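Participant: Build the 3D model from these lines:
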Amino acid sequence: LISSATKSLRMETEILEKKLQDAQMKLAEKDGDKEKEIQSLKRLISDLEFQLTMEKSNNESFLDKLRKEIKHKSDELEKLTQERTQLIHSLSQVQEENSLLQDTVRRECEERFELTAALGRAREQVLELRRLSGTLP
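Facilitator: Numbering: from 1, shown residues only. Just a heads-up that it's a prediction; the model follows:
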């Protein structure tokens, strides 16, 4: 009976040891798979961090270009605004000068009209004098 029980316990022990070995092998495989997955995830994280760094660098470069372009456009706008102000000032001076010239031309036309009228009256007087002098002895 003892021999049979011992034999039975040994067989059960061998079965349990085999199950333990199988479980340990499966656990080792799972650990290996997890280690591979961890390494894969670490590579992925490393790649993503590199991409993020590159994107940041590209964005900073792009922002620098935009800042320079904005500065250039701002300088251009300021220059054009100054030119516009100068042109407005010049236009104002030209308009004032034009107004003065128009006024001068108007006065000279009035004077010419008056002189023409006076010349016409003088001619009439000369003709009248000639006619009168022709009738005098």
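Participant: May I ask which helix or strand encompasses the most centrally placed residue in the chain?
Facilitator: The chain has I70 as the residue nearest its centroid, 6.0 Å off, counting by Cα atoms, centre = their mean. Per DSSP states H and E, I70 falls inside helix 2-135.
Participant: distance between that helix and the chain's centre?
Facilitator: Centroid separation for helix 2-135 versus its chain: 1 Å, with Cα atoms, centre = their mean, to the nearest Å.
Participant: coming back round to it: mind checking pLDDT for the residue nearest to the centre of the chain?
Facilitator: In this model, I70 is scored at 98, pLDDT.
Participant: cool, and L132?
Facilitator: pLDDT, L132: 86.
Participant: Which pLDDT does the model give L136?
Facilitator: So, for L136, pLDDT stands at 62.
Participant: going forward, begin numbering at 27 instead of 1
Facilitator: In the new numbering, first residue 27, that becomes L162.
Participant: separation between G146 and E140?
Facilitator: For G146, the distance to E140 equals 11 Å [Cβ to Cβ, to the nearest Å]. Bear in mind the C-beta positions are built from the backbone N, C-alpha and C, glycine included.
Participant: Point out where this protein drops to low pLDDT.
Facilitator: 162-163 (pLDDT under 70).
Participant: make it 80
Facilitator: By pLDDT under 80, the weakly predicted segments of the chain are 160-163.
Participant: can you count the residues close to L103?
Facilitator: Using other Cβ atoms under 10 Å, L103 has 10 neighbouring residues.
Participant: Run a quick neighbour tally on M37.
Facilitator: A count of neighbours around M37, defined by other Cβ under 10 Å, yields 10.
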